[in-house]
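one predicted model, sequence on top.
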Number of protein chains: 2
Amino acid sequence: MSRDVLLPLALAAALAACNPPRSEPVRPVKIAEGEVEPAEWGKAYPLHHESWLETRLPTPAGLSKYKRGGDGGKTFDKLSEYPYLALLFKGWGFGVEYNEPRGHWHMLKDVIAVDPSRIKAGGVCLSCKSPYAPRLEKELGADYYSQPFHEVRGKIPARHQELGAACIDCHTHDDLGLKISREFTLGKALRSIGTDPAQLSRQEMRIAVCAQCHVSYAIPKDRDMHSTGIFFPWQGGRWGRIAIEDIIPHVRATPEWTQAITGFKLGFLRHPEFELFTNGSTHFAAGAACADCHMPYQRVGSSKISDHRIMSPLKNGFKGCVQCHSEDQAWLKERVLATQDRSASLLLRAGYATAGAAKLFEKANAARAGGRGIDASLYEQAKRLYEEAFYRVTFIGAENSLGFHNPAETLRVLGDAAAFALKAEALLRQALARAGVPVPAKVDLESGRYLEGRGEKKVGFEPRLEFKDPFGTQSQF
Amino acid sequence: MSRDVLLPLALAAALAACNPPRSEPVRPVKIAEGEVEPAEWGKAYPLHHESWLETRLPTPAGLSKYKRGGDGGKTFDKLSEYPYLALLFKGWGFGVEYNEPRGHWHMLKDVIAVDPSRIKAGGVCLSCKSPYAPRLEKELGADYYSQPFHEVRGKIPARHQELGAACIDCHTHDDLGLKISREFTLGKALRSIGTDPAQLSRQEMRIAVCAQCHVSYAIPKDRDMHSTGIFFPWQGGRWGRIAIEDIIPHVRATPEWTQAITGFKLGFLRHPEFELFTNGSTHFAAGAACADCHMPYQRVGSSKISDHRIMSPLKNGFKGCVQCHSEDQAWLKERVLATQDRSASLLLRAGYATAGAAKLFEKANAARAGGRGIDASLYEQAKRLYEEAFYRVTFIGAENSLGFHNPAETLRVLGDAAAFALKAEALLRQALARAGVPVPAKVDLESGRYLEGRGEKKVGFEPRLEFKDPFGTQSQF
């Protein structure tokens, strides 16, 4: 064809690209206030509902190196991935069965299926797992926290007793706006750091609705170890800077379990995605919200909706990333791995160092029980250092990006964790040597003792799941 | 004015913006082959020459938190900034006088002015400091390396005996192209990692010319500790991945000095900007070269030249950054500090841990000298770990971006450094306790002993220069 013919064709094509088919107006289906059933919301918002439903689907295997939960529909044993965790968490549920998370659709089902030791805290465990949590908390008061998990869950309408995060958890029923449904956790927590939830911008709300659950929390207990409440341990921080240093004092003051190997009463840390991401990460500083990367806008037919099949961008072709980054997928993946490999390497250093120190406390306790004198000052200083290490290792270990949400902060916290743990080891070696207790240069962690035959299902170690140091440095310790 | 008047005006303005004044052609002044005198090059390229000359000017104070060299025209004592360095480097020149670098114009002058202990290696020290180095090396052979620094320097024409990096070091005389003048160092080093210098792209050359000097190097010695050569210890790495793990074996095999406090014969590491930046940093992966950030193009009159007043973007209004980044200066500065503060925190952790271990070796050596038995296996294992820590601390400590050139890699290396040092401390505490040597939980580093009265100038500690941990964590150790 001559240029005279091609030009008008090209112009027509360009004009067509500028005039896509018009969006169809949303049909005026009313959603009743307090409606929990996602299918009812789906009548008004069928595309959103459909994409939310897809969180039940298996994620493709082999795309994420470190976060494999849901790949091929399976769960993955986190204690086999990081064997030192079995030793550190011995004494409570997380040391029995602790799996990588799968999609939202599975969240309550997976808790029902997990070893019962994991739900000993009681009804309080529903706080994130069921859309009925806010009304149960209001209706039952103290009983909501302390009564057995399945007893409280039994008060949920039968058809929703396995329903996880639903539309009502994040949305207003009348206009699909964003809302905080967890006043009793996130609402209080935001006010405790000087942030008025009602004043959050829309972009901040696209973070806050996720922060209803993707946070660390603490569960206070009474003297009989019954749960009396739940709170987010952020006091002393502020929006945009809730650091591990702000969190530790509150967690330490809220012991939830006794670590078998050391005998220490300890607090615990859970999946602090919100805290880590917002604490000075480049993506946060650039104005990105959780939803920008994990719920990117996409065209479905003639509509544009945010993707409710929330997952790692590694698993969905970097859909969120490419809205801002022009590089190809191989480049983007290499960038993610450059961070995650380094985080994994230091996490292993810090984790094994903490586990090694725990074994030395075990030796020191045994020596004391056997009548040998262990220097009390060295022991107490080592204990303080050890706890600083333990909380840091747990903080990053529970966070679900293996460093990507905030590379520099992750590596800072892990470097400190390794330092605290090894300083504890130094003081313990000194104390044990003084007491005449022999300790080999490389402490045998006896990992098999903690990894095998766990809980009702007798879960065992799966060596093929274990993460090895991508830099090979761990073998020098 | 009506829109009818405004529109033509706006169009005219827009058209004028598209037609800036035309560049004046460069005058055909010929530069003789081998011409060293910058003023001669300046006749052909007056704007480049002028901007190079500006490296003699003081840099503005208060803009860079961690790299203050040249601010107000002054030098800054690195041993006062990081007091543990005085302890670690006791035994040779770097422990006597070690200043933050200033602009290129000062580079040889500052070496002439520094304590003579710093130039004991001999003529080899000119390899980066004088444009005459390549021809001196060719003419003098072995003598170039081993003869006294000032004797070799005396062979440079009198008017250039204080001249640092000049045009000829990076440029071809006939067309101002980029060239590698340091065949005897960088040329060999590139070939040793499988890179043909002649095959480098222009963008790679915009890195390579800087890598002639902004690298780590090692100086082999004969049995009388006379220098016999110089090489870049990269073998085992490759372009884009020369890691500290590749470097350490070569440095360890090239002892240059004896550390006073431990008695160990050690290698040394220098300013590895090239190695750190190119080892998987995001900026390198995005295709940026050293010159993009440190020598941004700028308009001078009717010409566009690359800025030869090379300095930190923190000090020149982020000129290089804003060519790609649209954020404002406050935002950019906050990003730099987010990385540098974290790097500084972990650097202090690793540095003081390494210094603490060194003090325990001193105790162990004294105990042995006093006839007490120190477990040889624990001592040797601790020594191996200690050296791993020492080289990492020196690697990052000598690098001139305090982490910004590669945040994740910096923090990984520092986390490992702290871990190695504290594991060494652990084994030493055990060995010392077995030998009945008391060690307090917090080792007194006796920093004053190393910081005060250094060298011919009796340099002392300047407390106001010291960097404290921006996160306050160091005080817990």
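The structure has been received and is ready for your questions. Numbering: from 1, shown residues only, chains lettered A, B, ... in the order given.

identify the bridge partners of the nearest residue to A:K304 once chain neighbours are set aside.
Closest residue to A:K304 apart from its sequence neighbours, by CB to CB, 6 or more residues apart in numbering or on different chains: A:Y297 at 5.6 Å. Glycine gets a C-beta too; all of them are placed from N, C-alpha and C. When assigned by DSSP bridges, A:Y297 has beta-bridge partners A:S306.

for A:Y297, what are its contacts?
Counting by CB atoms under 8 Å, 6 or more residues apart in numbering or on different chains, A:Y297 makes contact with A:304-307, A:323.

tabulate those residues in TSV, adding columns for neighbour count.
Formatted as TSV, those follow (neighbours: other CB atoms under 10 Å in any protein chain shown):
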residue	neighbour count
A:K304	12
A:I305	17
A:S306	15
A:D307	20
A:Q323	13
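
out of those residues, which two sit at the greatest distance?
A:I305 and A:Q323 (14.3 Å; CB to CB).

show me what the biggest helix by length in chain A is packed against.
Criterion DSSP state H: the longest helix present in chain A is helix A:329-369. With contacts defined as 3 or more CB pairs under 8 Å, 6 or more residues apart in numbering or on different chains; DSSP states H and E, helix A:329-369 has these neighbours: helix A:84-88, helix A:376-398, helix A:407-434, helix B:282-285, helix B:407-434.

now the most centrally placed residue in chain A. Its backbone dihedrals?
Among the residues of chain A, the one closest to the centroid is A:H271, at 2.5 Å (CA atoms, centre = their mean). Dihedral angles of A:H271 (phi, psi; degrees, to the nearest 10) stand at phi 0, psi 80.

hmm, back to that, which of the helices and strands packed on helix A:329-369 sits closest to B:K155?
helix B:282-285 (38.2 Å).

could I get the buried residue list for the closest one?
Neighbour-count burial for helix B:282-285 flags B:283-284 (criterion: 16 or more other CB atoms under 10 Å in any protein chain shown).

check stretch A:304-319 too.
Buried, per 16+ other CB under 10 Å, within stretch A:304-319: A:305, A:307-316, A:318-319.

okay, now the nearest residue to A:L176 once chain neighbours are set aside: neighbour count?
Once flanking residues are discounted, A:L176 sits nearest to A:Y45: 6.3 Å by CB to CB, 6+ apart. A:Y45 has 22 neighbouring residues, counting by other CB atoms under 10 Å in any protein chain shown.

phi first, then psi, for A:Y45.
Dihedral angles for A:Y45 - degrees, to the nearest 10 - are phi -130, psi 70.

what does the pLDDT read for it?
pLDDT, A:Y45: 94.

helix B:407-434 and the longest helix of chain A, what's the angle between them?
For helix A:329-369 against helix B:407-434, the angle by axes from the mean of the first three to the mean of the last three CA atoms, to 10 degrees is 20 degrees.

can you tell me which residues contact the nearest residue to A:A358 once chain neighbours are set aside?
Residue nearest to A:A358 in three dimensions, not counting chain neighbours: A:I261, with 4.8 Å by CB to CB, 6+ apart. Neighbouring residues of A:I261 by CB under 8 Å, 6+ apart: A:87-88, A:90-91, A:358-359, A:361-362.

could those go into CSV alongside pLDDT, distance to B:R182 and neighbour count?
Conversion of those to CSV gives the following (pLDDT from 0 to 100; distance: CB to CB, whole Å; neighbours: other CB atoms under 10 Å in any protein chain shown):
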residue, pLDDT, distance to B:R182, neighbour count
A:L87, 98, 52, 26
A:L88, 98, 51, 26
A:K90, 98, 58, 20
A:G91, 97, 61, 18
A:A358, 98, 52, 27
A:K359, 98, 52, 19
A:F361, 98, 55, 22
A:E362, 98, 57, 17
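
how close does the residue nearest to A:K304 sit to chain B?
Counting by CB to the nearest CB, to the nearest Å, the gap between A:Y297 and chain B amounts to 22 Å.

how about A:G317?
20 Å.

check A:F274 too.
18 Å.

that residue: helix or strand, and which one exactly?
Using DSSP states H and E, A:F274 falls within helix A:273-278.

list of residues touching that helix?
A:207, A:210-211, A:214-216, A:234, A:237, A:239-243, A:247, A:283-284, A:290, A:395-396, A:399-401, A:405-406, A:409-410.

just how off-centre is it within its chain?
Put simply, helix A:273-278 sits 10 Å off its chain's centre (CA atoms, centre = their mean, to the nearest Å).

same thing with stretch A:195-210?
Using CA atoms, centre = their mean, the offset of stretch A:195-210 from its chain centre is 20 Å.

CA atoms only for that stretch - export them in PDB, please.
Output of stretch A:195-210 as PDB, limited to C-alpha atoms (Å, rounded to 0.1, in the frame of the first residue of the first chain):
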ATOM      1  CA  THR A 195      -3.500   9.400  63.900                       C
ATOM      2  CA  ASP A 196      -7.300  10.100  63.600                       C
ATOM      3  CA  PRO A 197      -8.600   7.300  61.300                       C
ATOM      4  CA  ALA A 198     -11.300   9.600  60.100                       C
ATOM      5  CA  GLN A 199      -8.700  12.000  58.700                       C
ATOM      6  CA  LEU A 200      -6.900   9.500  56.500                       C
ATOM      7  CA  SER A 201      -6.700  10.300  52.800                       C
ATOM      8  CA  ARG A 202      -8.000   7.900  50.200                       C
ATOM      9  CA  GLN A 203      -4.400   6.800  49.500                       C
ATOM     10  CA  GLU A 204      -3.800   6.300  53.200                       C
ATOM     11  CA  MET A 205      -7.000   4.300  53.400                       C
ATOM     12  CA  ARG A 206      -5.600   2.000  50.600                       C
ATOM     13  CA  ILE A 207      -3.000   1.200  53.200                       C
ATOM     14  CA  ALA A 208      -5.100   1.300  56.300                       C
ATOM     15  CA  VAL A 209      -7.700  -1.300  55.300                       C
ATOM     16  CA  CYS A 210      -4.800  -3.800  54.900                       C
END
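
let me see the mean pLDDT of it.
Computed over stretch A:195-210, the average pLDDT equals 98.

need the residues that contact that stretch.
Contacts of stretch A:195-210 (CB under 8 Å, 6+ apart): A:169-170, A:178-180, A:183, A:186-187, A:190-191, A:238-239, A:273-274, A:277-278, A:287, A:289-292, A:294.

give me the buried entries from those.
Looks like the contacts of stretch A:195-210 have A:169-170, A:179-180, A:183, A:186-187, A:190, A:273-274, A:277-278, A:289-292, A:294 buried, using 16+ other CB under 10 Å.
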